[in-house]
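# Any chance you can model this:
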Amino acid sequence: MKEAGLRELILMRHGKSSWDDPSLDDFDRPLAPRGRKAASRMGAEIAARGWLPDHAVVSAALRTRQTWRRVAAELDGAAPRPQYDEALYMASADRMLAVVRAVPAKTSRLMLVGHNPGMEELARGLAGPGSDAEALTAMRAKFPTAALARFELPAGWAGAGPAAARLTHFLRPRAVASARD
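Model prediction:
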């Protein structure tokens, strides 16, 4: 049974981006073929596990928007309309945490799509007592592109902060691919 006030947070790093056009501004870099495939794979995994977000906040950079579109395409029409936020582009962990805390209270499951190093720093900072040891070890080792960390926040969005969440899962695209093959 779900605890009263319990909220779920999915932090996802954008898929692998392309460096094919060196004239592009970093903000405008698209996903590479590997990034497109990984984002779709992770979206299918989110759908298979029933982790459908009811709110999504996505960095306005091209590669994060493309990541979200690939994920959303796998959610069988259940994807929420995303909130694109320019302030999430290369945002610090503190800035991302402010976004989490400002989510409407009625939101049950939030998905945040952003960039490193802020994404990894936020994930590490949120993980507190009761976190899955295996997921925590994997997340601390490396937070690669298109990876996602799933948390439970017992105190809700306003209570999000250092060590205030339980990391329940950490999924990497390569591990998801090998598990399905």
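
# Name the nearest residue to residue 163, sequence neighbours excluded.
Excluding its sequence neighbours, the residue lying closest to residue 163 (C-beta to C-beta, 6 or more residues apart in numbering) is residue 128, at 3.3 Å. Every residue, glycine included, has its C-beta placed from N, CA and C.

# Count the neighbours of the one you found for me.
For residue 128, the neighbour count with other C-beta atoms under 10 Å is 17.

# try residue 91
Other residues close to residue 91 by other C-beta under 10 Å number 22.

# For residue 11, see how far away it is.
As judged by C-beta to C-beta, to the nearest Å, residue 91 and residue 11 stand 12 Å apart.

# How about residue 53?
11 Å.

# Look at the residue lying farthest from the centre of the chain and give its secondary structure.
Centroid-distance maximum for the chain: residue 23 at 28.2 Å, with C-alpha atoms, centre = their mean. Using DSSP: H, G, I helix; E, B strand; the rest coil, the structure places residue 23 in coil.

# heads up, I number from 17, so please use that
Taking 17 as the first residue, the last one we looked at is residue 39.

# Once you drop chain neighbours, what's closest to residue 159?
Leaving out its chain neighbours, the residue that sits closest to residue 159 by C-beta to C-beta, 6+ apart is residue 136, at 4.0 Å.

# And the average pLDDT for the helix or strand encompassing that neighbour is what?
Per DSSP states H and E, residue 136 falls inside helix 134-142. For helix 134-142, mean pLDDT rounds to 97.

# cool, stretch 119-128 as well?
Averaged across stretch 119-128, the pLDDT comes to 96.

# Can you point out the buried residues in it?
119, 123, 125, 126, 127, 128 (16 or more other C-beta atoms under 10 Å).

# now stretch 152-160
Buried-residue list, stretch 152-160, by 16+ other C-beta under 10 Å: 152, 154, 155, 159.

# between residue 107 and residue 27, what contacts are shared?
By C-beta atoms under 8 Å, 6 or more residues apart in numbering, residue 107 and residue 27 have these common neighbours: residue 130.

# so where is the chain shaky, pLDDT-wise?
For the chain, the stretches flagged by pLDDT under 70 are 17-21, 194-197.

# now the helices for it?
With DSSP state H, the ranges of helices along the chain come out as 49-65, 78-89, 109-117, 134-142, 149-157, 189-196.

# List the buried residues for the second one?
Put plainly, it is helix 78-89. 78, 79, 80, 81, 82, 83, 84, 85, 86, 87, 88.

# re the thing from before, summarise which helices and strands the helix holding residue 136 is packed against.
When contacts are defined as 3 or more C-beta pairs under 8 Å, 6 or more residues apart in numbering; DSSP states H and E, helix 134-142 packs onto strand 23-29, helix 109-117, helix 149-157, strand 164-169.
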